[in-house]
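[1] Next input, structure requested:
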Amino acid sequence: MKNRIKLIFNLLLVFVINTTLLAQTNSFSPEALQEDFLQFRDILENEHCCLYEYTPKYIFDSLFDAHFMLLNHEMERDEFFNMLAPITAKIGCMHTATWMPGRFFVTKPDKIFPLKLKLINGKAIVTGSYLDSEEIPRGSILQEINGESFRSILAQLRKTTSGDALNPYFINAQLSQRFPLFYSSCYGLPDEYIINYLPPGSTVPEVRQLIPANYDTVNDQVLFHFHNPPLGFKILEGKDAALMTIPSFIYYDRVDYFRNFMDSCFTLIHTKGINNLILDVRGNTGGDPFCSSILLSYLQTEEVPYFSEPYGRYQPLSEPLPLPENHFNGNLYTLIDGSCGSTNGHFCALLKYHHFGKFIGTPSGATYKCNAGRNTELRLSNTQMIITFGRTTYAAAVKNMDTSAILPDIQVEETYEDFLTGKDVFVETALKEINSHTK
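    As a prediction, this is how the structure comes out:
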């Protein structure tokens, strides 16, 4: 018995040691990289539903062959990432991408870029910090990181970021939301971050060495929309309008909560006789079609189907959606931006196709179809790089729509001055439309 316990203990010890060493390994031999690259190519060529929709086969064949020939020396994970990610980005599928494994970040968990950024007119605006203290004033314009211009950094990150139909609005939105993690994937985990920036209202650049942030802290905040963010609703007193904020449709295990929220909101709208609804789906990258279809049912003026075909467990959504008792009959103004992706693309496409209200904002990040499915994540054997991919195309029940983006009826873009003053030009534009319509 003692010998058995000792054996189990030794096996566990070996496992812990090997796991620790593996987590600390970021350098790989040419043979290991070649094996992973062949696995990577096999995944894309044999698992993806429509690999050549936006980039032809001969280009992919050329990329695969040329990159494989470069695997003749030892590489760090970030160098290998910069080889794979531009290939997945060329597919034009937001659900198909190359991702760094968590074990890459745990090698230096406290060396993550600490600033929150937002891209406005191609400039990187500091919106806050992942640390408790903010060293850089909010509204500062970032110009360099560790001696490289932000323009150059942005160009590199755009090459590695995926978007449906190669949509630049979605790519920019993703870079704004996930910048620290994308930067680490492309540039590694430096021991220090020295930045050059312009404080708000200044034309004189300043230099500062930043205190890095912790990976878990950054990751939790970057992926907040996966953790059931609160839905929002308020009546705008004196304006005959309500504002509904839907930051996500990711309520897969809380569909009843979503349904009850919608029912209570539209019951209140009906009871109070509110004629105008501002629906804010900015930043909403998608989620469960069972949730988005519930919202659509309250906004439709006639019963329409959600999906063009009966897709597995979503088969009921290929039938016309019943009109709820308190469905909305007033004027709808939907606020959109480049983050609107996946299921939110389906939702917005259906609103657009059936002329349910007006759209205000920038072009969306997706449209009436996207690629997704089950069991769509695999890891490469040696580097453990994560490859996500779309197995099936899910299309909303529309015809002859553009595959690139949902275009707004009234285009609005936030300016640097809007940001500094805290002005929400999207909502203000909707309120102007309501006033104009009332008059």
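[2] How far does stretch 303-316 stretch from one end to the other?
    Length of stretch 303-316, first residue to last, Cα to Cα, to the nearest Å: 13 Å.
[3] Flag every buried residue along it.
    Buried residues in stretch 303-316, counted by 16 or more other Cβ atoms under 10 Å: 304-308, 311, 314. No exception for glycine: its C-beta is placed from N, CA and C like everyone else's.
[4] List of residues touching stretch 177-192?
    76, 78, 81-82, 85, 99-100, 104-105, 107-108, 111-117, 124, 130, 145-146, 153, 156-157, 160-161, 174-175, 209-210, 212-213, 218-219, 222, 283, 339 (Cβ atoms under 8 Å, 6 or more residues apart in numbering).
[5] Got the domain ranges for the protein?
    Structurally, the chain divides into domains by automatic domain parsing as follows: 2-101, 115-214, 225-438.
[6] centre of the chain versus the last one, how much separation?
    Just to be clear, that refers to domain 225-438. 15 Å (Cα atoms, centre = their mean, to the nearest Å).
[7] Contacts only, for Arg138.
    126-128, 200.
[8] Mind doing that once more with 7 Å?
    Taking Cβ atoms under 7 Å, 6 or more residues apart in numbering as the criterion, Arg138 is in contact with 126-128.
[9] repeat for Gln34
    Gln34 touches 68, 71, counting by Cβ under 7 Å, 6+ apart.
[10] Just the element for it, please.
    helix 30-47 (DSSP states H and E).
[11] So which bits of that helix are buried?
    For helix 30-47, burial by neighbour count (16+ other Cβ under 10 Å) applies to 32-33, 35-37, 39-41, 43-44, 47.
[12] what do you get for stretch 415-435?
    For stretch 415-435, burial by neighbour count (16+ other Cβ under 10 Å) applies to 418-419, 425-427, 429-431, 433-434.
[13] what do you get for stretch 393-412?
    393-398, 401, 403-406, 408, 412.
[14] And the average pLDDT for stretch 236-244 is what?
    The average pLDDT within stretch 236-244 is 95.
[15] I meant stretch 142-156, not that one.
    What stretch 142-156 shows for mean pLDDT is 97.
[16] what about it, start to end distance?
    For stretch 142-156, the first-to-last residue distance is 16 Å (Cα to Cα).
[17] and for it, what are the contacting residues?
    So stretch 142-156 is contacted by 117, 124, 126, 186, 190, 193-198, 205 (Cβ under 7 Å, 6+ apart).
[18] Of those, just the buried ones, ChimeraX syntax please.
    In ChimeraX, a selection of the buried entries from those looks like this (16+ other Cβ under 10 Å):
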select :117,124,126,186,193,195,196,197,198
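[19] Turn the contacts of stretch 142-156 into TSV, columns for secondary structure.
    Below are those laid out as TSV (DSSP: H, G, I helix; E, B strand; the rest coil):
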residue	secondary structure
Leu117	strand
Ala124	strand
Val126	strand
Cys186	helix
Pro190	coil
Tyr193	strand
Ile194	strand
Ile195	strand
Asn196	strand
Tyr197	strand
Leu198	strand
Pro205	coil
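[20] Please produce CSV containing the contacts of stretch 142-156, extended by distance to His346 and pLDDT.
    As requested, those are exported to CSV (distance: Cβ to Cβ, whole Å; pLDDT from 0 to 100):
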residue, distance to His346, pLDDT
Leu117, 29, 97
Ala124, 31, 97
Val126, 34, 97
Cys186, 31, 97
Pro190, 40, 96
Tyr193, 39, 97
Ile194, 44, 97
Ile195, 39, 97
Asn196, 42, 98
Tyr197, 39, 98
Leu198, 40, 97
Pro205, 44, 96
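[21] of all the contacts of stretch 142-156, which comes closest to Asn326?
    Asn326 has its nearest neighbour among the contacts of stretch 142-156 in Leu117, at 41.0 Å by Cβ to Cβ.
[22] Contact partners for that closest one?
    Neighbour list for Leu117: 124-127, 142, 176, 179 [criterion: Cβ under 7 Å, 6+ apart].
[23] Relative to Gln34, how far out is it?
    36 Å (Cβ to Cβ, to the nearest Å).
[24] Repeat that for Ile171.
    The value you get for Ile171 to Gln34, if Cβ to Cβ is used, is 29 Å.
[25] Touching, Thr209 and Ile194? I think so.
    One correction, residue 209 is Gln, not Thr. Yes - judged on Cβ atoms under 7 Å, Gln209 makes contact with Ile194 at a distance of 5.0 Å.
[26] circling back to that earlier point, adding pLDDT, secondary structure and distance to Tyr353, write the buried residues of stretch 415-435 out as CSV.
    Formatted as CSV, these follow (pLDDT from 0 to 100; DSSP: H, G, I helix; E, B strand; the rest coil; distance: Cβ to Cβ, whole Å):
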residue, pLDDT, secondary structure, distance to Tyr353
Asp418, 96, helix, 30
Phe419, 96, helix, 33
Val425, 97, helix, 26
Phe426, 98, helix, 22
Val427, 97, helix, 25
Thr429, 97, helix, 23
Ala430, 97, helix, 21
Leu431, 97, helix, 26
Glu433, 95, helix, 21
Ile434, 95, helix, 23
